[in-house]
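> sharing a model prediction with you, sequence too.
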Amino acid sequence: MADQVPALKKLSSINTKLGKVTKEIVVYTEEDHLKKANEDIASLYETLRDEIVAKWKLSVEPQKLYIAFKRNTNIVDIEIQKSKIKITINVPKGQLIDNLGLAEDVSGKGKWGNGDYQIVLIDNASVMSSLTCRTG
């Protein structure tokens, strides 16, 4: 029995650590992000989400700091704020065709999301325009 005590202590330690890790796992939802937004921005996000999913058949995967729209990798990341939405486009610098000049080069700036370009939306009029950007 004495030779089993260290094994039991080790097993107990592993279970305690596993319990702590399990408690730390958090699943984020779109609703978590929408809590930050005012009513207009929440509506704007829903319109944008529906357009992105319909146009490019991407999956929606909420993360801690943004909502990822993915195929094999993140294509677009959306950060919802109280009065605006920041869309980060996962395209390398110099590869985005933006005839309307909506996207800002954020390659040298700190940001949440993946990609070198960002579009900020504040109303529904800008949603359809933002969907015209493409890679070249």
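Here it is on my side, so go on.
> per-residue pLDDT, Gly108?
If you check Gly108, the pLDDT there is 83.
> sticking with it, tell me its helix or strand.
Taking DSSP states H and E as the definition, one finds Gly108 inside no helix or strand.
> tell me, how many residues neighbour it?
Neighbourhood size, Gly108 [other CB atoms under 10 Å]: 7. C-beta: built from backbone N, CA, C; applies to glycine.
> quick check: the gap between it and Leu102.
Computed as CB to CB, to the nearest Å, the Gly108 to Leu102 distance reads 19 Å.
> what lies in contact with the longest strand along the chain?
For the chain, the strand with the greatest residue count under DSSP state E is strand 74-80. Strand 74-80 has contacts (CB atoms under 8 Å, 6 or more residues apart in numbering) with 33-34, 36-37, 41-42, 45, 48-49, 52, 56, 58, 63, 65-69, 85-90, 112-115.
> strand partners of that strand, parallel vs antiparallel please.
strand 67-70 (antiparallel), strand 85-89 (antiparallel) (DSSP bridges).
> mind putting those strands into TSV with mean neighbour count?
Output for the strands paired with strand 74-80, formatted as TSV (neighbours: other CB atoms under 10 Å):
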stretch	mean neighbour count
strand 67-70	20
strand 85-89	23
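> out of these, which gets nearest to Asp98?
Among those, strand 85-89 comes nearest to Asp98, with 9.1 Å by CB to CB.
> can you name the element that comes right after that closest one?
Next element after strand 85-89 (DSSP H and E): strand 96-97.
> next SSE downstream of that next one?
Counting by DSSP H and E, the element after strand 96-97 in chain order, helix or strand, is strand 104-105.
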